[in-house]
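[1] Show me how the following folds:
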Amino acid sequence: MKKYELSYTDSNNLNEFMKNNELTDSSLVQIYASNEAEAFSIEKDVCKNNLKARVSTFISDDFSPVTLQFVKVPDDTRVSTHVRPSELEFFHSGPVVIFKRIPKDDCWVVSHVTQSVAQWGYEPTYFLDNEEAVKTVFHKDDMEGVRETLIKAIEAGKNNIHQQYRIYKKDKTLAWISEYTQVIRNNKGEPIELVGYLVDVTQDKEREILYSSIINTTTEGFWLLDESLTIIDVNYSLCAMLGYTKDEMINKKPLDFIDSGDHALCEAQADLIDDISSRIYEISYKMKNGGVLQTLTNATTMYDQSGKVKTFAFMTDISKQKKIEEDLRERQESIEELNNSLESKIYQEVEKNREKDQMMYQQSRLASMGEMIGNIAHQWRQPLNIMALVMQDLYISDQLGNLTSKKVEESYDKSNNLLQYMSQTIDDFRNFFQQGGEEEAFSVKDSLDSVHSLVSTNLAYHHIDCQIDVKHDSTIKGGLNEFKQVLINIINNAQEAIETNESANKRIRVLITQKDNQAIISISDDGGGINKDVIQKVFDPYFTTKNQTQGTGLGLYMSKQIIENSMCGSLSVKNTKEGAEFKISLPLMQQ
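    As a prediction, this is how the structure comes out:
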């Protein structure tokens, strides 16, 4: 195998040599140099030109100038005694910084550092054999502590040292570093080299500071226990809640601060640590001033990075809530006593109100009855006049001697028909004034036709035209007679408004339709409307716009009670251009 040798001057010299000799395939390369940093730089250049190169580096003060030796080898050649370039590349480019130190002059002299130190903005050559450069990287408040810890550990015979400290990156910002150092000793136990690695733990440290800040600023109490259930940390809130300082609580046991009445509960919770990682319970703590603090405690057990058990707990002060609960319990007992004594009084008052409502309902029906008697008079007036004429005709015919059996029979039939009509009128009015029974389903149109037959004669007598427009009939459920009374009350009010205001057209219009699963009955008139100052009061009990001798003020009140309370609908009123419009909305009967 042919060997190629190069006296190294610079990277151009190296690149040209490798190109001219076709050293771009598998090769063994040996670098002889007096400076490790320079050797490392040359090694990088070799690997750039030949990814298949196996490189070995030899450092000695006698190796000057730098010399490189190349040997071409087959692709399947294995070198078991050297680290592969890919592995070196990993250490140079990975997140871990590997270093070597010389254990002299306070251990500041660095003999080797990987390229990964560039993550903080530095080149490896900046630190090599440069004690002052190394010192400038350490934070001024941490440098002396790092040095003392290292020196004391070496003198004490320790071989594994771990420290955390701050360094300045090249841009002058700070980074937290976790350092792991292995002390290499000779057969006499003397340190000959320090080998270790550095890891950037800035993010972890920032989170640690953030979590510590959160814990110390929260209003809840907090403590941390080690595996022997000894308190190793508390926050300021817990100290303030119990009245102790941190020093008075740290290294003590939880039972030292638990109220004696809850010691058994505390011990029971401690027994659950191995089985239940998270536990919530109420427990009382004794305060320094002798008081008792009632809390809701949320305890959690976990394992730290070393696999050791840690238990932490947050305590929420619930003393005020407990006091409120006690006050509420006492008040509840008082309320129950009061309820027992008031129950009979409330029953009596309800009965009185029920009797009052019944009385108002009867007053409303009596008022309607008076108005209906007037309608009966109008209904009977014409039949009675006809009956009188029939009787008079029979009498005259008898006096004149021309009374025949046929005439008597005709007069009988006419009189009988009139009497049947008058009897039916009495039945209609009697049915209307019967007390309502159970709810029933009925047609809105049929009920309106029934009401119209009762009031039509009276309306015609006063020359009032009542127009009924059925756009869409509906079936509803409720008290039929009560619903008829509502219609009569509204129609009577419309009639009185038309008579009072001497309307020219004298018209009442009733519209029946449906909308949104509701039966709509609209009753409007041209009676001039209701004064806007009192329109909101027309449904109040005993409110009337008539003379006190002419109205009770109960008709519209009872109408609203029937529609809204008994039939689950609504009754409203508004003014139109010509008069007033009452609108009834009732739910359709579900099929």
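[2] any chance you could map the helices in the stretch 351-500 of the chain?
    Here the stretch 351-500 of the chain has its helices, by DSSP state H, counting those that start in this stretch, at 405-432, 444-461, 480-500.
[3] And the chain, by the same measure?
    With helices called from DSSP state H, the chain shows them at 11-20, 36-49, 85-93, 131-137, 143-155, 202-217, 236-242, 246-249, 263-271, 319-400, 405-432, 444-461, 480-500, 555-561.
[4] Ok, which of these comes nearest residue 513?
    Proximity to residue 513 (C-beta to C-beta) singles out helix 444-461 among these, at 9.7 Å. Backbone N, C-alpha and C define where each C-beta goes, glycine included.
[5] Would you mark the buried spots in the closest one?
    Counting neighbours by 16 or more other C-beta atoms under 10 Å, one finds that the buried residues in helix 444-461 are 444-445, 447-448, 450-452, 454-459.
[6] Save those residues as a markdown table, and put in pLDDT and distance to residue 46 too.
    Formatted as a markdown table, the buried residues of helix 444-461 follow (pLDDT from 0 to 100; distance: C-beta to C-beta, whole Å):
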| residue | pLDDT | distance to residue 46 |
| --- | --- | --- |
| 444 | 94 | 104 |
| 445 | 94 | 107 |
| 447 | 89 | 109 |
| 448 | 92 | 110 |
| 450 | 84 | 115 |
| 451 | 85 | 114 |
| 452 | 87 | 115 |
| 454 | 76 | 119 |
| 455 | 81 | 118 |
| 456 | 82 | 120 |
| 457 | 74 | 125 |
| 458 | 77 | 123 |
| 459 | 85 | 120 |
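[7] Between the helices of the chain, which one is closest to residue 529.
    Comparing these under C-beta to C-beta, the one sitting nearest is helix 480-500, at 8.1 Å.
[8] packing partners for the closest one?
    Counting contacts by 3 or more C-beta pairs under 8 Å, 6 or more residues apart in numbering; DSSP states H and E, helix 480-500 is packed against helix 319-400, helix 405-432, strand 440-443, helix 444-461, strand 507-515, strand 518-525, helix 555-561, strand 580-587.
[9] For that helix, what does the pLDDT average out to?
    Across helix 480-500, pLDDT averages out at 87.
[10] on that earlier part again, now, of the helices of the stretch 351-500 of the chain, which is deepest in the fold?
    Of these, the one with the most neighbours on average (mean count of other C-beta atoms under 10 Å) is helix 480-500, at a mean of 21.
[11] before we move on, back to that, now render the helices and strands packed on helix 480-500 as JSON lines, adding distance to residue 113.
    What follows is the helices and strands packed on helix 480-500, written out as JSON lines (distance: least, C-beta to C-beta, whole Å):
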{"stretch": "helix 319-400", "distance to residue 113": "59"}
{"stretch": "helix 405-432", "distance to residue 113": "111"}
{"stretch": "strand 440-443", "distance to residue 113": "97"}
{"stretch": "helix 444-461", "distance to residue 113": "98"}
{"stretch": "strand 507-515", "distance to residue 113": "87"}
{"stretch": "strand 518-525", "distance to residue 113": "87"}
{"stretch": "helix 555-561", "distance to residue 113": "94"}
{"stretch": "strand 580-587", "distance to residue 113": "88"}
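[12] quick one: which of the ones you listed is nearest residue 68?
    Taking C-beta to C-beta, helix 319-400 is the member of the helices and strands packed on helix 480-500 nearest to residue 68, at 80.3 Å.
[13] quick one, what contacts residue 567?
    476-479, 482-483, 586 (C-beta atoms under 8 Å, 6 or more residues apart in numbering).
[14] can you rerun that using 10 Å?
    Taking C-beta atoms under 10 Å, 6 or more residues apart in numbering, we find residue 567 in contact with 439, 476-479, 482-483, 486, 561, 584, 586-587.
[15] Considering those, which possesses the most neighbours?
    Each of these was scored for neighbours by other C-beta atoms under 10 Å, and residue 486 scores highest at 29 neighbours.
[16] circling back to that earlier point, between the contacts of residue 567, which is closest to residue 54?
    Among those, and counting by C-beta to C-beta, the member closest to residue 54 is residue 587, at 94.1 Å.
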